[in-house]
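Peer 1: Would you be able to build a 3D model of this:
(3 chains)
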Amino acid sequence: MINSSLTNSSLTQLSQMLANKTISSVELTQTFLNRIDALNPNINAYIALDRDKSLAQAKAADARIAAGNAEPLTGIPIAQKDIFCAKGWQTTCGSKMLANFIAPYDAHVITQFDNAGAVNLGKTNMDEFAMGSSNETSYFGGVKNPWDFDRVPGGSSGGSAAAVAARLCAAATGTDTGGSIRQPASLCGFTGLKPTYGVVSRYGMIAFASSLDQAGPMAKSAQDCALMMNVMAGFDERDSTSLNRTKEDYTRELAKPLHGLKIGLPKEYFAEGLDASVATVIEAAIAEYKKLGAEIVEISLPNTGLSIPVYYVLAPAEASSNLSRYDGVRYGHRAAEYTDLMDMYNKSRAEGFGAEVKRRILIGTYVLSAGYYDAYYLKAQQIRRLIAQDFVEAFKQCDVIMGPAAPSTAFKAGEKVDDPVAMYLQDIYTISTNLAGLPGMSVPAGFSNGLPVGLQIIGNYFDEARMLNVAHQYQQVTDWHMQMPELTMPKDVA
Amino acid sequence: MALSTEDIKKIAHLARIEVSDSEAAATLTKLTGILGLIEQMQAVDTTGIVPMSHSQDLVQRLREDVVTKTNQREEFQKIAPVLGNGSTERAVNNGLYLVPKVIE
Amino acid sequence: MEWEVVIGLETHTQLQTNTKIFSGAAVKYGAEPNTQACEVSIALPGVLPVLNKEAVNCAIKFGLAINAEIAPRSVFARKNYFYPDLPKGYQISQFELPVVGKGAVTIQVPAVGKHPAYEKVVNITRAHLEEDAGKSVHGAVEGMSGIDLNRAGTPLLEIVTEPDMRSAAEAVAYAKKLHELVQWIGICDGNMQEGSFRCDVNVSVRKKGSDKLGTRREIKNLNSFKFMTQAIEYETRWQIETLEDGGTIHQATVLFNPDTGETRAMRSKEEANDYRYFPDPDLLPLEITEADKARVQAQMPELPEAMKARFEAQFGLTSYDAASLTASRELANYFVATVDNGAEAKPAANWVMGAISAKLNAEEKPLADSPVSSEQLASLLKRIADNTISNNAAKQVFEAMWNGEGEVDAIIEAKGLKQVSDTGAIEAIIDEVLAANAVMVEEFKAGKEKAFNALVGQAMKASKGKANPAQVNELLKKKLTT
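Peer 2: Take a look at the predicted model:
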């Protein structure tokens, strides 16, 4: 019993237990590792585990706690999306291309967690190069949604999502290029935040679409996300797009009452395409906010529908170029047999990349090619500005924007695999915030047919602390975020 | 704009990805669907709108011209790919990465 | 049929920085393979570029030096293509918005045969910052190439001209001028053997009088001026012959083979490239403010054009001499130092361009290795000016100094070269000469001017060259006419 309550504890509770010496970091880490041993073979949330490394970090954390210079996350086991390079760890980005890649350096995010004394519990499964909304494009196999093993956890941060939902980590990191933190958070029923672009350094985070990629926390509650943000956020001179801002405490506004909060509801987020049962859950959540003293304003984000076409030009274009470095010359997959240089390139890349990644490389190559640049790439960048301006107008009328994070609950594995366009529509409510560079989060708001539904909260630039406050206050009066899937544990582990 | 399998092959060549004829045909169907989605953009009048490359209107930060990197060749070449074509050695020789002969 | 060749140049100058353009890896030439290839240089997954401040300063310097527009905002773009020496699969360069815009360079085209030297303005289209690629090394392993990424990411300024040049001589004069300028302003070491200064030459031909450009072929990577001349001349002939034989020129990239003196199309570049340029999302726009320009301007040395004008005005040098002295910053500095050490400007100019340059050329030495310092040269010239030695004697002193035989006065002393300026002594010599050469005296008196020079010669000879020639002239004239 102590074990399951441990794995279900908040970061604050765990931090206190470690400080009190109720438990050691080694014990806590071992508890999670045992749970992973028991459940991960079915869920497939992790690509790489390294017990020795994790336990060595835990031991160091215990020493640090004993020495009295612990930080809030010292000793806490965190799952890292396999998109972050971590020195000495297999770092695959969900691809055969990097299946044997042992990263020789640390991503900024990894360094930040190391400095905070957190334990790297393992590298989580993901859609290949973060391209997908169901985790089905991973070379290492799909991930089960802990609420229903027939369903997908969402993507691309599907492994982190399943790990948080199944309590296979205390919290996890994710990255979000078009919704890859928020959509799985919605589908797996936990709290996930994509910060303002530039708040978390991209150094060492394997690039998908550089102008859209942003890392963020995936955790059980808004409060946990705030503690994670305190570690992840911060200026890094190695990333030219990292923002040089004063360090902030993301927990500072958690307790603020919501009286007078103006919530904008974009009518486009409640139009055709939204599952009726999801709409019902979202409406109930909005009603809860009214009880907390919030005001509701109807707003419009007229270019929402264009966000998908714009995204599917810009993201593949950037990706086609970002993924050119995987050529089999210096690291990664090289074909076993080849006749000459051209053949080596063609085969290594054909073998190393999966179907969806190849598709996006081809789209990106096409839209950038001679004669099409203006009609596709330039046009998409112009509409990107229109989409960003929609938000500028909207935030003149409200403090935060709310709506669904995904149009439906978790869908069945295999359901959309052969229909990329249907898969892409999963991100209709999340993509525009990436295009604008705005922060967005998904907060558990209820269930539909036993499957979690996430409420999306979009804030203005750098309003993460405020958004976390808005989510936290809701989590003080609801317990959706405390719900966890029933998982059968083998006797000897529980 | 309708794509042909020939176009797919041309694009795949630019991207250095080998595609067989049957793969090209299958890819064509999916890419045509995606491009149909993308075509929606063409209905928008974007005259005079400045393209947006970055979400923040900031300028490039400059790095001081000071050497900060040390030689890590050994570390980096431990992860070099396997040479292939019958060899299980890593594709490095005397500190150089090995590739099939480059023809100028 | 009269043909005209049209030439434009693209020059890659490696900028003199300590580190790469987008990372803190060193850029020293000649290091062991891949020992200066950091995680950014080898393009590991997840790495990102950050722009080197010094590379930007170099670009600003160049823009100021050619009086060009310097873009208040320029943008880095990715040029996408696959090549083993290009680790990211794209080169970070500038495409639509380069850092340096239109400017101009004035060149001196030397005289060839009957054609006199002339000046010409070559317009610069643009100059942009970009990263260099690595190198492919052949022959280490049979059938394979070795890739060394030490050079990958070295900062380059690519300088592009309009197709303004009309002969190999003009193209080479431009290349030399540019080569000197980038060294003058300290942005490039100019070492062509090490590839610090590489020229791509675009050559096309057309019928004289036509205003339409012909199809061009690009000669890649010329690393000496001699090869540039040979390559352009061969390529021009080849294109004219091809057209006259009824053939057509296809756009191509060609290599020059110094052994055969011929150009040939590169096999790897046969297919049409589609570089898919787009703004690099990892880098933000580069902003250069008026204050940035002023800061760099303050560090700029006096430019050759300005120095040339000053030499003409301040020292009364001819335009030709002033241009020659400002052909390199080192030479100009040497000249100025000679003057600053007390020499008169005109003789200093003559000696620097004459004796010093001749010696250096003959011994293939750079000016920095000259055994005669500007201070020593000034001492020598002062001894001529104060009549201690004659010009002829000065040549002997110079020769001795060059060979390390000591300082000016010591050499004059040791060699007994001090000039005789004592009127009495010279008169005595002249009297002897007049007595011994009565025939010549008669000839002179009969109106034969040449005889006078012969008598001067005899007097100088009699003094063993030590008599002051001006005095000899004066006294001799006096004696003969009275």
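
Peer 1: who in the stretch 351-494 of chain A is up against chain B?
Peer 2: Neighbours of chain B within the stretch 351-494 of chain A, by CB under 8 Å from any CB of the partner chain: A:353, A:358-359, A:361-363, A:365-367, A:369, A:375-376, A:378-386, A:388, A:419-421, A:424, A:435-438, A:461. Where you see a C-beta, it was placed from the backbone N, CA and C, and this is true even at glycine.

Peer 1: Would you write a PyMOL line that selects the buried entries of those?
Peer 2: The buried residues among these can be selected in PyMOL (16 or more other CB atoms under 10 Å in any protein chain shown) with this line:
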select buried, chain A and resi 353+358+359+361+362+363+365+366+367+369+375+376+378+379+380+381+382+383+384+385+386+388+420+424+435+436+437+438+461
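
Peer 1: Just want the residue of chain B that's nearest chain A.
Peer 2: Chain A sits closest to B:Ser55 of chain B, with a gap of 2.3 Å, by CB to the nearest CB.

Peer 1: and C:Pro98, what element?
Peer 2: In this structure, C:Pro98 sits in neither a helix nor a strand according to DSSP states H and E.

Peer 1: ok, now which ones touch it?
Peer 2: C:71, C:74, C:126-129 (CB atoms under 8 Å, 6 or more residues apart in numbering or on different chains).

Peer 1: ok, now A:Gln483?
Peer 2: Counting by CB under 8 Å, 6+ apart, A:Gln483 makes contact with A:189, A:444, A:447, A:452.

Peer 1: nearest spatial neighbour of the third one, skipping sequence neighbours?
Peer 2: Going back to what we said before, that points to A:Phe447. Closest residue to A:Phe447 in three dimensions, ignoring its sequence neighbours and counting by CB to CB, 6 or more residues apart in numbering or on different chains: A:Val453, at 6.4 Å.

Peer 1: Would you agree the one you found falls within a strand?
Peer 2: Yes - applying DSSP: H, G, I helix; E, B strand; the rest coil, one finds A:Val453 inside a strand.

Peer 1: Show me the domain layout of chain B.
Peer 2: Chain B is divided into the following domains under automatic domain parsing: B:5-42, B:73-104.

Peer 1: The longest one and chain A in contact?
Peer 2: Yes - Domain B:5-42 comes into contact with chain A (CB under 8 Å from any CB), by way of B:7-8, B:11-19, B:27, B:30-31, B:33-42.

Peer 1: Residue 317 - how many residues pack around it?
Peer 2: Just so you know, I chose chain A. Using other CB atoms under 10 Å in any protein chain shown, A:Ala317 has 27 neighbouring residues.

Peer 1: You answered for a different chain; I wanted chain C.
Peer 2: Residues near C:Leu317, counting by other CB under 10 Å, number 22.

Peer 1: Then C:Glu305?
Peer 2: So C:Glu305, with other CB under 10 Å, has 15 neighbours.

Peer 1: Looks like it contacts C:Val105 (just checking).
Peer 2: No - at 9.8 Å, C:Glu305 does not count as touching C:Val105 under the criterion of CB atoms under 8 Å.

Peer 1: Name the nearest residue to the residue most central in space within chain B, ignoring sequence neighbours.
Peer 2: By CA atoms, centre = their mean, chain B has its centre lying nearest to B:Ala15, at 6.3 Å. Spatial nearest neighbour of B:Ala15, chain neighbours left out: A:Thr365 (4.5 Å); criterion: CB to CB, 6+ apart.

Peer 1: hang on, that neighbour in a strand?
Peer 2: No - assigned with three-state DSSP, A:Thr365 falls outside any strand and is helix.

Peer 1: quick one: contacts for it?
Peer 2: Residues near A:Thr365 by CB under 8 Å, 6+ apart: A:320, B:11, B:14-15, C:276.

Peer 1: Same question for C:Pro87.
Peer 2: Shown in contact with C:Pro87 (CB under 8 Å, 6+ apart): A:325, A:329-330, C:41-43, C:134, C:149, C:152.

Peer 1: One more pass at 6 Å, please.
Peer 2: Shown in contact with C:Pro87 (CB atoms under 6 Å, 6 or more residues apart in numbering or on different chains): C:42-43, C:149, C:152.

Peer 1: Tell me which of the residues of the stretch 351-494 of chain A next to chain B fall in helices.
Peer 2: Applying DSSP state H to these, the entries found in helices are A:358-359, A:361-363, A:365-367, A:379-386, A:388, A:420-421, A:424, A:435-436.

Peer 1: Leaving out chain neighbours, which residue sits closest to residue 7?
Peer 2: Went with chain A since none was named. Once flanking residues are discounted, A:Thr7 sits nearest to A:Arg167: 4.0 Å by CB to CB, 6+ apart.

Peer 1: oops, I was thinking of chain C
Peer 2: Once flanking residues are discounted, C:Ile7 sits nearest to C:Met165: 4.0 Å by CB to CB, 6+ apart.

Peer 1: Can you name the next helix or strand after the longest helix along chain B?
Peer 2: Within chain B, and with DSSP H defining each element, the longest helix by residue count is helix B:21-39. Next in sequence after helix B:21-39, counting helices and strands by DSSP H and E, comes strand B:62-63.

Peer 1: How far off centre is that next one?
Peer 2: 27 Å (CA atoms, centre = their mean, to the nearest Å).

Peer 1: Could you do stretch A:209-216 as well?
Peer 2: With CA atoms, centre = their mean as the basis, stretch A:209-216 stands 10 Å off its chain's centre.

Peer 1: Which residues does that stretch contact?
Peer 2: For stretch A:209-216, contacts defined as CB under 6 Å, 6+ apart pick out A:109, A:175-177, A:181, A:193-195, A:197, A:200, A:202, A:205, A:315, A:318-319, A:434, B:54, C:281-282.

Peer 1: Contacts only, for C:Ile429.
Peer 2: Taking CB under 6 Å, 6+ apart, we find C:Ile429 in contact with C:459, C:462-463.

Peer 1: Using CSV, please lay out the residues you listed together with neighbour count and distance to A:Thr91.
Peer 2: Listed next are the contacts of C:Ile429 as CSV, based on neighbours: other CB atoms under 10 Å in any protein chain shown; distance: CB to CB, whole Å:
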residue, neighbour count, distance to A:Thr91
C:Ala459, 24, 94
C:Ala462, 18, 94
C:Ser463, 20, 90
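
Peer 1: now, which of the residues you listed sits nearest C:Asn191?
Peer 2: Of all these, C:Asn191 sits closest to C:Ser463, with 51.1 Å by CB to CB.

Peer 1: check contacts around the residue in the stretch 1-150 of chain A that chain C sits nearest to.
Peer 2: Of all residues in the stretch 1-150 of chain A, the one sitting closest to chain C is A:Cys85 (4.9 Å; CB to the nearest CB). Residues in contact with A:Cys85 (CB under 6 Å, 6+ apart) are A:91, A:103, A:105, A:107, A:204, C:46.

Peer 1: what about the closest residue to the last one other than its chain neighbours, how many residues close to it?
Peer 2: Translated: C:Gly46. In this structure, C:Gly46 finds its nearest non-sequential neighbour in A:Gly204, 4.2 Å apart by CB to CB, 6+ apart. A count of nearby residues for A:Gly204, using other CB under 10 Å, gives 28.

Peer 1: my read: A:Gly204 touches A:Ala107, true?
Peer 2: Yes - the pair A:Gly204 and A:Ala107 qualifies as a contact (CB atoms under 6 Å) at a distance of 2.5 Å.

Peer 1: Can you pull the residues that touch both of these two?
Peer 2: Residues touching both A:Gly204 and A:Ala107 (CB under 6 Å, 6+ apart) are A:85, C:46.

Peer 1: So, low pLDDT: which residues of the stretch 351-494 of chain A?
Peer 2: Filtered on pLDDT under 70, the stretch 351-494 of chain A yields the residue ranges A:489-494.
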